[in-house]
Each structure stands twice: as C-alpha cells, then as structure tokens.
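> starting from these lines, generate the structure:
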Amino acid sequence: MTSSNSEQKSAINVVLGGMIFGQKGKYAVRVHDIEEVERIIDIFRAHGHTEIDNSRFYGEGTSEGMIGQINWREKGLKLSTKLHNYHDMKKNILVSLKELNTDCLDLWYLHIPDRTISYEVTMKAVNDLYKEGYFKRFGISNFMAWEVAEIVGICRANDYIMPTVYQGIYNAIHRMADPELIPCLRKFGISFYAFNPLGGGFFTGKYGTGKTIVEADAGTRFDQSSWQGRLLMTRYWNDAYFTALASIRAVAEEHNLTLTEIALRWVTHHSALKREYGDAVIIGASSAQQIEQNMIDLDKGPLPNEVIEAVDAAWEVARPFATKYYN
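Got it, this is the predicted structure:
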C-alpha cells in the first residue's frame, strides 16, 4: 500500500494503541502475527488516521519491534512511544528507535512521573535528546495537573521543548480529568490523548456482578498476576461501577446500541475532548473485525439525549469510587 490515506470522518482524532501487539505470551498481547497487525493498521488508516502509540514497556518490550517490522513509512504512519525508566534516557530511547526502525519519532513521552528526580534535571535531559534530533514532539503521561504546570514553567524558563500532548485515562465513567487537569491543559495549549475509552474492556459487557474475580481475570487485562491487571481491578471492579454499567446496558438495549458504541460515541461527541485542540482518543483492537467495528462506531454521530442522560447518571453513581487520573 502507498502512503495515501482516506479522509477522516470521525469528529475526534483517533490514535491506534500498540499495547496489544507483541510476542505471544507477553502481558496484554493479543496480536502476535505480523500479517494481522498489518490488517488492523490498514483498516485504521482506511478511516483517515495515522498515529500509532507505543511504549518501551508494552508487550514486555516486544511491541515496538512488532511495529518496526511493518513498512510503516509507505503507509504514512506517525510513530510515538514512551519512556518508562528515567535512568539512562538516551540508552532507552535508542533502543526504542532501533526497535521501531526509525531515527526520529513523531512523539516521545515520559510514561509516568519519577518523583525521585527533580523535574529540572529531567527536563534538561529531555531537551538534550530533542536537540539531538530523536523526536519532533514531546509528551507527558499520568502526571498531576500541578506537575504539568511546573514542567511548563521549567521548559519556558529554560527555552526547552514544551510538552504539547498529555496522555491520560478518560472515559464515560472515569472523568476525574475534567475538573482540574483538562483546564490546565487548555491553559498551556496541550492536547489531551485519552486512553482507556472502553475502561480496559469494562465497556465490552464481558464483566458483571455474576463474574468472580478469578473468572474475570484469567487471560484478560484484569489478570491479577500483573500490576496492570490489579490496577484495572482497582479502577473498575466494585459494586458502584457494576451498577453504573448495568444502568447504561439497560438504555443501550432500549436504543439497540452496544456498550462499546456508547462509550466510543460519548468520548467522541459528548466529552471534553475537542478536535480543535488536537485532542485524540486512543483505541486498541485484537482483530481486524474489532478495529473495523470500533472505527465505524467512532465515525457515527452524537448519541440520543436519553442515552447521554443515562451515561451522565451512571457517572454520578461511579464518581465517589473513581480512582485518581494520575500515577
């Protein structure tokens, strides 16, 4: 295929998450066949999108290499990845570049805060890497709003590269970014890339109060043998969230909608995300069929008012039990 991509139809930008790509048997990896990876990416491109998100950490270090195997330049893709380990940043970014088969990333993030190192030291190291030409844009992920402001201040004072993207958790029943973080991002002109739009699979409808924890976590993202699985359990596995989901399921059935469709259309049309600010939603898919359906849902219009009201009411049920938006 050539670098020509179709015109975007969705009201919000969409980024394809690479967490599910990698070697078989690695945590959260669902797609380990390179041909299936290409099929998923080509469907994603056919809906007018080109950004692929990754991390040195995904697939236990194997996800980047999977993307690096495809002919991503001819497909017109833009690659981003994230640093998980602050020690020896240059060594880590060079590994990422090699795995992704590139000498310059479109976007490079600090994946999570390392509060044992001052941000003055961290931002100088980031800027040094930028000046060496390893990435075009700089992003941060999972930081507190006040930390975002501090980082911006440091970068402005020292004429460092500014963060222009923030990646964080956000969905219809986890809106903790709304009160403080998103206004902070707007003030500093930072785009918001929302991950977890389906609640780590919670909006697929696979889970409910009838499921035990053991039944839920075996072979899923809720696998408690990993810290990520335990994190998802902490976020969503409680009575309030199951009650919220049940109320959305009821209105979904009335309107002949799927839970997944409601979640994706909500974040596209009814959330704080706006295309004019460069915001985006990050989605994943374990098959060509799944990515096609997700992209179709993202291309659809706003939800009926009754559904919006039900989703808002569900959030009010879940809100007191929602976890923080930062690490």
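> what number of residues lie near residue 204?
15 (other Cβ atoms under 10 Å). All C-beta atoms are positioned from the backbone trio N, CA, C, and that covers glycine.
> helices along the stretch 51-200 of the chain, start to end?
Along the stretch 51-200 of the chain, counting by DSSP state H, counting those that start in this stretch, helices occupy 63-69, 89-100, 119-131, 145-158, 181-187.
> quick one: list the elements packing against the last one.
Contact here means 3 or more Cβ pairs under 8 Å, 6 or more residues apart in numbering; DSSP states H and E; on that basis helix 181-187 packs against helix 145-158, strand 163-169, strand 191-195.
> re the thing from before, just name the most buried of the helices of the stretch 51-200 of the chain.
helix 63-69 (a mean of 22; mean count of other Cβ atoms under 10 Å).
> can you redo the helices and strands packed on helix 181-187 as a markdown table with distance to residue 37 and mean pLDDT?
What follows is these, written out as a markdown table (distance: least, Cβ to Cβ, whole Å; pLDDT from 0 to 100):
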| stretch | distance to residue 37 | mean pLDDT |
| --- | --- | --- |
| helix 145-158 | 33 | 99 |
| strand 163-169 | 21 | 99 |
| strand 191-195 | 19 | 99 |
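> with distance to residue 315 added, can I get these in CSV?
Shown next, in CSV, are the helices and strands packed on helix 181-187 (distance: least, Cβ to Cβ, whole Å):
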stretch, distance to residue 315
helix 145-158, 20
strand 163-169, 14
strand 191-195, 15
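> quick one: closest of the ones you listed to residue 294.
strand 191-195 (13.9 Å; Cβ to Cβ).
> give me the sheet partners of that closest one and which way each runs.
Sheet partners assigned to strand 191-195 using DSSP bridges are listed as strand 163-169 (parallel), strand 280-283 (parallel).
> need the ones you listed in JSON lines with mean neighbour count, can you?
Output for the strands paired with strand 191-195, formatted as JSON lines (neighbours: other Cβ atoms under 10 Å):
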{"stretch": "strand 163-169", "mean neighbour count": "23"}
{"stretch": "strand 280-283", "mean neighbour count": "24"}
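> related to what we said a few turns ago, looking at the helices and strands packed on helix 181-187, which is nearest to residue 288?
Of all those, strand 191-195 comes closest under Cβ to Cβ, at 21.4 Å.
> and the gap between residue 29 and residue 190?
30 Å (Cβ to Cβ, to the nearest Å).
> on that earlier part again, columns distance to residue 82 on top of the strands paired with strand 191-195, output as JSON lines?
Putting those into JSON lines (distance: least, Cβ to Cβ, whole Å) gives the following:
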{"stretch": "strand 163-169", "distance to residue 82": "8"}
{"stretch": "strand 280-283", "distance to residue 82": "12"}
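> right, and those - which one's nearest residue 226?
Checked against Cβ to Cβ, the stretch from the strands paired with strand 191-195 lying closest is strand 163-169, at 17.2 Å.
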